[in-house]
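Enquirer: below are the sequence and a predicted model; questions follow.
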Amino acid sequence: MGKKKKNNKKSKNENKRKKQNHQDRNREVSALFFILASFIAAFLCVVPQNAGIIGRAFNNIFVNGIFGSATYILPFILLWYFIIHIKKSAELKERTDFIWSVALLIFGSLAFEAASVLFAAANVSGGWIGKTFYPFFKELFGEAFGFAVIVILFLFFTARLLRICISKVVYNFLKNIKEDIKKRKEEKEAAALKAPKIFENKSGLLPEIKKLEPFVPNIVNKQKKENSAAEKQATPSEPQKPQVKLDSKSFDYKFPHSTILKNDETKSFHTNKDELLRRAELLRSTLADFGIPAEVKDIIPGPVVTRYDLILAPGIKIQSVTNIIENISLTMRTASIRVVPIPEKAAVGVEVPNPDSVTVGLRGIVEHSSFINSKSLLTLALGKTTDGEGYVTNLASMPHLLIAGATGSGKSVGIHTIILSVLFKARPDEVKFMIIDPKRVEMPIYKDIPHLYNPSTSAADADIITNPREAASALKKLVTVMEGRYTKFAAATVRNIEEYNAKMSETGGEKEFYIVVVIDELADLMLVAKKEIEDSIQRLAQMARAVGIHLILATQRPSVNVITGIIKANFPARLSFQTTSAIDSRVILDMLGAENLMGKGDMLFLPPGEARPVRLQGAFVSLKEAQKIIDFINDQNFPRIYEPLAVAAEVSSGFNAAEEKSMKDLLPALKLINERRRVSQDLLKANFGSSARATNILSILEMKGFITKPEGTNKWQINYDKIEEYIRTA
Ligand SMILES: Nc1ncnc2c1ncn2[C@@H]1O[C@H](COP(=O)(O)OP(=O)(O)OP(=O)(O)O)[C@@H](O)[C@H]1O
C-alpha cells in the first residue's frame, strides 16, 4: 500500500514536471517571437525606407495612418512582452495585457495629437485616432486640462501594463514622508532629553515620580531607533544573502519576502507613564505591607510584560519576595508574576504581565538588523525580550535545542517560527529539514517544500515522517549518514562542514547541506521505541554538529521518562514555554520559573553555557502566513535532488545488523501469522525468543505493509493477501 502511494506520488510529480516543462517551452517560443517582432517594429519605425514595400506599407498604415507618432511605442510594448515571457517568475495575463497595450497606443496617439496642438509641434501627430478623438477631449476639458487628463490616463495604462501598483507607490511615498517627519521629531525630543538617565531615589524608599519620567520614553526611543536603523540597513523584504552559498546548483531560487508576513504590532507598543508609575507604587506598597522595604529602581516596559527592578533593603532576602508572589498577583490583578535576580544591578526584577499585551510578529524580527546581518544559515528569529528588543540566535552554535511546554503554551507556533526563520535565509540545497511529526496536526504544511529530507527515501519521495517506527529507522539511517560524512570529511582533511564547504568552493566540488531534524512530540516516539530513539539521538547529539546535523526536540511531557538524563546531557540549549508544574520546569531548565509563564508564546530560553535563562515573547506566525511562505517556495519548483552521500547510506539495503536478522525471521514470522491468523508481540516473543527480536520483527512487518495499525486503535490489521503472496514467491 505504501509502495502504491509512493508510486502515485512519483507519477504525480512526474506529470507536474512534464507540464511545467511544456509551459516553459511555450514561454520561450513566445519570448523569441516577441523579441523578433520588437526588432522588426523598431526597424520599420526608424528606417522604413530601407524595408521595401513592407516598410512603406507599415509607415503608411501606422505612422501616417492609425496611430501617428504613437506607433513608436509599439516596439517597447513588444519588448515588454518579451521580458515577461522570458522572466519565469512573471505572471502571464494575456487578455488584460492586450487591453492595456491597445489603450496605451490609443492614449499615446491622443497625447501626441494634444502635444502637436498645444505646443504647435509640427513633427509629431496623433494619426487617425488622435485627429478623430482629440477634439472630443478638447471640447470636454479644454486644451491644457485635456492634455493633462490624457497624459494621466496614458501613465495609468503604462503602470497597469508594467504591473506597477499605483496605490502601493503612493502609500510608500507617503509613508516615507511620514517617517521622515517622525524621525526629525524624535531627534528633536532626544536632543531635549539629552543623555538617558537611570533614575535613583536617594531620599527614601518611594520612587520619585519626577526622576522616573525621563526613563520610560528613553526605552521607547531606543526601540524605535533600532527599528528605523534596521529598516534603513536593508530593504525589509530582502534579507541579505548569507555568505555560505552552494555554487554547484544553478537554480535561480528566490527567498520569500518578509512582506508576506503581517506587520509587527510591537514595532511601536505604547506605554502609559502614569500607569507604570502607579503600578510601581502599588508594588512598593504591597511589599511594604508584607514587611519588605524595597525601592523601585527601574521600570522596563516591554510588549508583553513590564519589569520592575527592586533594590531590597539590606538584609532582606530575595526569597521573601518569591514567597509572596501570589499576594503580589492579587494586588496587581494579574497572574503569572515572575521574580528574577538581576546580579549586574544588585536588584530583584519583578516581571508583571501588561494589562494589554501585543502580539510579537515574526516580521518585526526577520526585518531586524540582527537577523538580516546574521551570516548563519541557521539563524533563528525567536521573539522579543521583555524590553521589546528582537532576539535572534544561531542553531549552528547551540548545536541542538530541546523545547518543552504544556499544551497550548505555544510550542508549535515556536517550531513554525524556527523553521520559517531558516526558510528566509537558506536555499533548499543549503539546509534540509527532516520533520518527524507523530501528532500529524501541525507539520503537514511543510510536506511539499523542497527542503524536505528523509534518509530512508529518495528526494522525490521525502515526506513528513509520522510513523514512530519509521522515525526510529530514519534516525538510525541519519546516524549512518553522519558517519559517512565523517569519513568523507576525513578524506578531504577538513574538520567540519564549514571547512568542507569552503574547500568545495575553491575546488568546485559538491557541497554538503545542513540537516535540521525537527521532532514534534518526542514522547510519542519514546513510547514506541525508547531505547532505539535514545541511542540514535545520543549519537547524533554528540557527534553531528561538525557534519552539519542539528536536532530540535519538542515535547509537552517533559518528564524524566521522555527527557532522559542522556538526552538532557547532550542538549545544553533549552527552550521552555509555560509548564504545568514546577517539576516540569526543573526537568527542562534545571530551575523553577517556567510554571509561572503566561502561555501563548511566553518562554524562557537557556542558551548553552548560560546560568540564567532569558525571558522572551515568542514571535507569532499564523498558519495562513506560514502557508503563504510555503506556497511562494513551492511555486518555484526547485528540483528535489539529494547530494549523493545522503541517499547512498543504507538505502539499498535499508537495514542494519539487528534488522537484517529480523529480515531472516520475516518468512518464518509470516508463516506463523498465516497459520495462527493473528499477530502480537507475545506470539512473536514466544516463537522467536526475546522481546527485542519480537519488536524488530513487528517493525519490519509494519514497514513492509504486512500489518497496519489504524489510527486510534491498538489492534494490528493483517494483510493476508500480501502475506500469502510473499510466502508463495519466497
Ligand atoms: N508567540 C505567540 N504569540 C501570541 N499567541 C500565541 C503565540 N504562540 C501561541 N499563541 C497562541 O496560543 C495558541 C496555542 O499555541 P500552540 O498551538 O503553538 O500550542 P502548543 O504548545 O503547540 O499546543 P499543543 O501541544 O496542544 O499542540 C495558538 O493558537 C495561539 O493563539
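Expert: Yep, that arrived. Numbers count the residues shown, from 1 in each chain.

Enquirer: list the contacts of residue 251.
Expert: Contacts for residue 251 (Cβ atoms under 8 Å, 6 or more residues apart in numbering) come out as 429, 638-639. (C-beta placed from N, C-alpha, C; glycine too.)

Enquirer: tell me the residues on this protein that lie near the ligand, please.
Expert: Residues of the chain found near the ligand (Cβ under 6 Å from any ligand atom) are 359, 405, 407-413, 556, 600-601, 618, 620.

Enquirer: can you pull the domain assignment for this structure?
Expert: Following automatic domain parsing, the chain resolves into domains at 23-164, 395-594+632-648, 657-729.

Enquirer: of those, flag the one that's most buried.
Expert: Across the domains of the chain, the average number of neighbours (mean count of other Cβ atoms under 10 Å) peaks for domain 395-594+632-648, which reaches a mean of 20.

Enquirer: tell me the secondary structure at residue 280.
Expert: Following DSSP: H, G, I helix; E, B strand; the rest coil, we place residue 280 in the helix state.

Enquirer: residue of the stretch 601-730 of the chain nearest the ligand, please.
Expert: Nearest to the ligand, among the residues of the stretch 601-730 of the chain, is residue 601, at 2.2 Å (Cβ to the nearest ligand atom).

Enquirer: CA atoms of stretch 543-551 as CSV?
Expert: Output in CSV follows, covering the C-alpha atoms of stretch 543-551 (Å, rounded to 0.1, in the frame of the first residue of the first chain):
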residue,chain,number,x,y,z
MET,A,543,28.8,14.0,17.0
ALA,A,544,26.5,15.5,14.4
ARG,A,545,27.4,19.2,14.9
ALA,A,546,30.7,19.0,13.0
VAL,A,547,29.0,17.5,10.0
GLY,A,548,26.1,19.9,9.9
ILE,A,549,23.3,17.9,11.5
HIS,A,550,21.3,19.6,14.2
LEU,A,551,18.4,18.4,16.3
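
Enquirer: figure out how far that stretch is from the centre of its chain.
Expert: 21 Å (Cα atoms, centre = their mean, to the nearest Å).

Enquirer: got a list of contacts for that stretch?
Expert: Counting by Cβ under 8 Å, 6+ apart, residues outside stretch 543-551 touching it are 378, 395-396, 398-401, 478, 481-482, 485-486, 489, 495-497, 512-517, 519, 537, 540-541, 571.

Enquirer: how about a cut-off of 7 Å?
Expert: By Cβ atoms under 7 Å, 6 or more residues apart in numbering, the list of residues contacting stretch 543-551 from outside reads 378, 395-396, 399-400, 478, 482, 485-486, 489, 495-497, 512, 514-517, 537, 540-541.

Enquirer: also stretch 718-730?
Expert: 667, 670-671, 673-674, 679, 705-707.

Enquirer: what is the mean pLDDT for that stretch?
Expert: Averaging pLDDT along stretch 718-730 yields 84.

Enquirer: so how far is the ligand from residue 169?
Expert: 33 Å (Cβ to the nearest ligand atom, to the nearest Å).

Enquirer: that residue - that's part of a helix, no?
Expert: Yes - the assignment for residue 169 by three-state DSSP puts it in a helix.

Enquirer: need the least confident one among the domains of the chain, by mean pLDDT.
Expert: domain 657-729 (a mean of 79).

Enquirer: hang on, the earlier thing: which two among the contacts of stretch 718-730 are spaced furthest apart?
Expert: Farthest apart among those by Cβ to Cβ are 671 and 705. That separation is 17.4 Å.

Enquirer: got the phi and psi for the closest residue to residue 680 other than its chain neighbours?
Expert: Among residues not flanking residue 680 along the chain, residue 716 sits closest, at 7.4 Å (Cβ to Cβ, 6 or more residues apart in numbering). As for residue 716, its main-chain torsions (degrees, to the nearest 10) stand at phi -70, psi 140.

Enquirer: just to check, residue 716 is in contact with residue 707?
Expert: Yes - between residue 716 and residue 707 a contact is recorded at 4.6 Å, counting by Cβ atoms under 7 Å.

Enquirer: what do the two both touch?
Expert: Shared contacts of residue 716 and residue 707, defined by Cβ under 7 Å, 6+ apart, comprise residue 679.

Enquirer: bridged to the nearest residue to residue 418 once chain neighbours are set aside, which residues?
Expert: In space, and not counting its chain neighbours, residue 418 is closest to residue 380: 5.3 Å by Cβ to Cβ, 6+ apart. Using DSSP bridges, the bridge partners assigned to residue 380 are residue 393.

Enquirer: so residue 380 touches residue 390, yeah?
Expert: No - between residue 380 and residue 390 there is no contact under Cβ under 7 Å: 11.5 Å.

Enquirer: so for the two, which residue has more residues nearby?
Expert: The neighbour count for residue 380 versus residue 390, taken as other Cβ atoms under 10 Å, is higher for residue 380 (29 against 26).

Enquirer: center of the protein - which residue?
Expert: By Cα atoms, centre = their mean, the chain has its centre lying nearest to residue 420, at 1.4 Å.

Enquirer: quick one: that residue and residue 636, what's the gap?
Expert: Using Cβ to Cβ, to the nearest Å, residue 420 is found at 16 Å from residue 636.

Enquirer: go on, residue 554?
Expert: 29 Å.
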